[in-house]
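K.L.:
Kindly return the folded structure for what I paste below:
(one chain, ligands or ions: 1)
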Amino acid sequence: KEKVKITKEQQALMKVVVEAYNRHQIPQDVAKKLLQEQYSEEENFLLLTEMATSQVQVLVEFTKNIPGFLSLNHEDQIALLKGSAVEAMFLRSAQVFSRKMPNGHTEVLEERIRKSGISEEFMTPMFNFYKSIGELHMMQEEQALLTAIAILTPDRPYVKDQQAVERLQEPMLDVLRKLCVLQHPQEPQYFARLLGRLTELRTLNHYHAEMLTSWRMNDHKFTPLLCEIWDVE
Ligand SMILES: COc1ccc(-c2nc3ccccc3n2[C@H](C(=O)NC2CCCCC2)C2CCCCC2)c(OC)c1
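P.N.:
Just a heads-up that it's a prediction; the model follows:
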């Protein structure tokens, strides 16, 4: 049985990505806000657009710290950010949702989200994803690397130099694979399950614009940054 070993370079790569991931956290905690009180559908939509706008800004800062990202062709940098922003947002939401909370808080949070204004048909795929992320009990290193791997997806629309993106994504996949073997020795399939979540994320991408436009309220207003990143307005 070959002894899996994380090299010095891989340790350094992981350290850079995890520190960037932890540095760029959402300013105030949306879960706390949602647990404090019930908001109207309009207030919830505003809260979502505010949180999502700040999350996109945080995502850009995180991405700039991914080794090699800033050396990519500039149009490709934009294509990767635009292509992964919604996935990164749902990945972050899933992590917020599956955080350990005092008894009963997760149920209250789920109820508040169910009643937030989002239409019924999207609840199942969204909560299935949140729960499948929760079941993995991901460490922060795994969360950071998985987010970087999602951003560095070579086959996003309009990416010209896919090989250059693959060359950045592969070392992340290698260190994540080794980390999974070392942290979850009893579960050889754990790495494959993590990557399976990225496939599930892509389906949420597909629903995203409709989730927003079908929010139970009139006159959905978006910030200019969200209009750029989301396919709305
Ligand atoms: C497009 O449709 C939707 C629907 C629900 C969510 C969602 N899922 C959540 C799970 C845990 C906590 C918050 C959650 N949220 C909204 C939010 O604020 N999401 C933030 C986005 C940036 C990263 C941190 C989370 C809430 C939902 C309740 C009403 C107010 C917004 C969502 O987040 C993409 C997008």
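
K.L.:
quick one: the helix or strand bottoming out on mean pLDDT in the chain near the ligand?
P.N.:
The helix or strand of the chain with the poorest confidence is helix 30-36; it has a mean of 88 (mean pLDDT, DSSP states H and E). Yes - if you take C-beta under 6 Å from any ligand atom as the test, helix 30-36 does meet the ligand, through 30, 31, 34. Any C-beta I mention is one placed from the backbone N, CA and C, and that applies to glycine too.

K.L.:
List the buried residues in that helix.
P.N.:
For helix 30-36, burial by neighbour count (16 or more other C-beta atoms under 10 Å) applies to 30, 31, 34, 35.

K.L.:
Pretty sure residue 68 is one of the things residue 16 touches, is it not?
P.N.:
No - at 10.6 Å, residue 16 and residue 68 do not qualify as touching, with contact defined as C-beta atoms under 8 Å.

K.L.:
ok, back up a step: closest to the ligand among the buried residues of helix 30-36?
P.N.:
residue 30 (4.1 Å; C-beta to the nearest ligand atom).

K.L.:
Quick check, the closest one in contact with residue 51.
P.N.:
Yes - judged on C-beta under 8 Å, residue 30 makes contact with residue 51 at a distance of 5.0 Å.

K.L.:
picking up where we left off before, looking at the buried residues of helix 30-36, which two lie furthest apart in space?
P.N.:
Greatest spacing in the buried residues of helix 30-36, by C-beta to C-beta: 30 and 35 (9.7 Å).

K.L.:
Quick one: name the residues of this protein near the ligand.
P.N.:
Counting by C-beta under 6 Å from any ligand atom, the chain comes close to the ligand at 26, 30-31, 34, 44, 47-48, 51-52, 55, 89-90, 92-93, 96-97, 113, 116, 118, 208, 211-212.

K.L.:
wait, doesn't residue 168 sit right on residue 76?
P.N.:
No - using C-beta under 8 Å, residue 168 is not in contact with residue 76; the gap is 10.6 Å.

K.L.:
Look up phi and psi at residue 152.
P.N.:
With angles defined as degrees, to the nearest 10, residue 152 sits at phi -90, psi 40.

K.L.:
what's the least confident helix or strand of the chain packed up against?
P.N.:
Contact here means 3 or more C-beta pairs under 8 Å, 6 or more residues apart in numbering; DSSP states H and E; on that basis helix 30-36 packs against helix 41-64, helix 74-97, helix 105-114.

K.L.:
got the phi/psi numbers for residue 120?
P.N.:
Main-chain dihedrals, residue 120, degrees, to the nearest 10: phi -40, psi -40.

K.L.:
separation between it and the ligand?
P.N.:
12 Å (C-beta to the nearest ligand atom, to the nearest Å).

K.L.:
Tell me the pLDDT of that residue.
P.N.:
Note for residue 120: predicted pLDDT of 91.

K.L.:
do the same with residue 26
P.N.:
What the model reports for residue 26 is a pLDDT of 69.

K.L.:
ditto for residue 1
P.N.:
You'll see residue 1 listed with a pLDDT of 59.

K.L.:
thinking again about what came up before, just the buried residues of the residues of the chain next to the ligand.
P.N.:
Buried, going by 16+ other C-beta under 10 Å: 30-31, 34, 44, 48, 51-52, 55, 89-90, 92-93, 96-97, 113, 116, 118, 208, 211-212, out of the residues of the chain next to the ligand.

K.L.:
my read: residue 173 touches residue 149, true?
P.N.:
Yes - using C-beta under 8 Å, residue 173 is in contact with residue 149, at 6.1 Å.
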